[in-house]
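Q: attaching a predicted model along with its sequence, questions to come.
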Amino acid sequence: MNKYQYTAIFEPALEGGYTVTVPALPGCISEGDSLETAKQNISEAMELYLDVFLEDHANPPTEVSAGALIERIDKGEKQILLVEHRDNTYVFPKGHIEPNESAEEAAKREIYEETGYSTTAISKNLGSIIRHSITPNGNIVFKTIQMFSATIDPKSNTGKHEEEYEWISVDKVSDKLRYKEDKKFFNDYLAQQPIDTISL
């Protein structure tokens with residue numbers, strides 16, 4: 001049987017112990033008197049949830065993330081901000097949506113955490129990228145990434161960021177992107193509409 005990976009939220013319960021929810025699996029809730037017990041209980045609940053879900057669906061539920069397409073003009077060259085993934089390949093700035101956080105808010109937070117840039121505007125919903133990846137331990141992660149067009153403050157970078165990033169020339173972005181679904185999204189977008197630009 002395939003192993004799937006989802007984000008679980010552990011919250012301390014008023015009466016002690018933990019209550020656990022899985023945002024990508026609506027209704028999948030468990031609890032435990034200790035963190036270890038809560039982990040074991042939610043793992044069993046997730047496995048049962050997926051067994052039932054896959055009886056009627058071809059694919060498992062997807063994790064929902066938010067990301068952004070960010071452009072600048074530097075010395076006359078159009079560039080896209082990408083985050084280094086691994087093996088000299090790249091992805092768009094993106095990440096999971098926290099509880100009680102909108103997709104737009106998540107995109108702004110992830111841009112800041114991953115690159116150090118503050119976002120001045122989320123101007124357009126660009127649609128979604130749907131793909132799956134395999135983690136180093138062999139788990140399968142199905143992911144829906146809601147993409148936005150974002151404008152950043154070029155002078156806001158704090159120098160503190162979780163990931164390495166690079167401004168890539170627009171004609172090299174597709175070759176640098178790691179996932180074929182990201183490549184298709186970017187190529188389709190370029191063919192259909194312009195990207196808002198900023199100058200440094």
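A: Arrived safely.
Q: mind listing the helices for the chain?
A: Along the chain, the segments classed as helices by DSSP state H run 35-56, 103-115, 173-176, 180-192.
Q: for residue 65, give the beta-bridge partners.
A: Following DSSP bridges, residue 65 is listed with bridge partners residue 96, residue 145.
Q: surely it and residue 143 touch.
A: Yes. Using Cβ atoms under 8 Å, residue 65 is in contact with residue 143, at 6.0 Å. Where you see a C-beta, it was placed from the backbone N, CA and C, and this is true even at glycine.
Q: okay, the helices of the chain in CSV with mean pLDDT and distance to residue 161 next?
A: Formatted as CSV, the helices of the chain follow (pLDDT from 0 to 100; distance: least, Cβ to Cβ, whole Å):
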stretch, mean pLDDT, distance to residue 161
helix 35-56, 91, 29
helix 103-115, 94, 5
helix 173-176, 94, 18
helix 180-192, 91, 20
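Q: any chance of those in CSV with distance to residue 24 and mean neighbour count as columns?
A: Below are those laid out as CSV (distance: least, Cβ to Cβ, whole Å; neighbours: other Cβ atoms under 10 Å):
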stretch, distance to residue 24, mean neighbour count
helix 35-56, 10, 14
helix 103-115, 14, 21
helix 173-176, 28, 17
helix 180-192, 18, 15
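Q: surely residue 32 meets residue 12?
A: No. Residue 32 is beyond contact range of residue 12, at 11.3 Å (criterion: Cβ under 8 Å).
Q: name the residues contacting each of those two.
A: Common neighbours of residue 32 and residue 12 (criterion: Cβ atoms under 8 Å, 6 or more residues apart in numbering): residue 18.
Q: what about those two, which has more around it?
A: residue 32 (18 against 10; other Cβ atoms under 10 Å).
Q: need the contact list for the nearest residue to that one once chain neighbours are set aside.
A: Closest residue to residue 32 apart from its sequence neighbours, by Cβ to Cβ, 6 or more residues apart in numbering: residue 38 at 3.1 Å. For residue 38, the residues meeting the contact criterion (Cβ under 8 Å, 6+ apart) are 10, 17, 18, 19, 20, 30, 31, 32.
Q: please apply the same query to residue 129.
A: Here residue 129 is in contact with 67, 143, 144, 145, 147, 179, 181, 182, 185 (criterion: Cβ under 8 Å, 6+ apart).
Q: can you check which strand is longest in this structure?
A: The single longest strand within the chain, with elements called by DSSP state E, is strand 119-134.
Q: how is this protein carved up into domains?
A: 9-56, 63-192 (automatic domain parsing).
Q: turn these into CSV, including distance to residue 3.
A: Formatted as CSV, the domains of the chain follow (distance: least, Cβ to Cβ, whole Å):
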stretch, distance to residue 3
domain 9-56, 10
domain 63-192, 5
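Q: how far does the least confident helix or strand in the chain by mean pLDDT sit from its chain's centre?
A: When the helices and strands of the chain are compared on mean pLDDT, DSSP states H and E, strand 119-134 comes out lowest with a mean of 86. Distance of strand 119-134 from the chain centroid (Cα atoms, centre = their mean, to the nearest Å) equals 8 Å.
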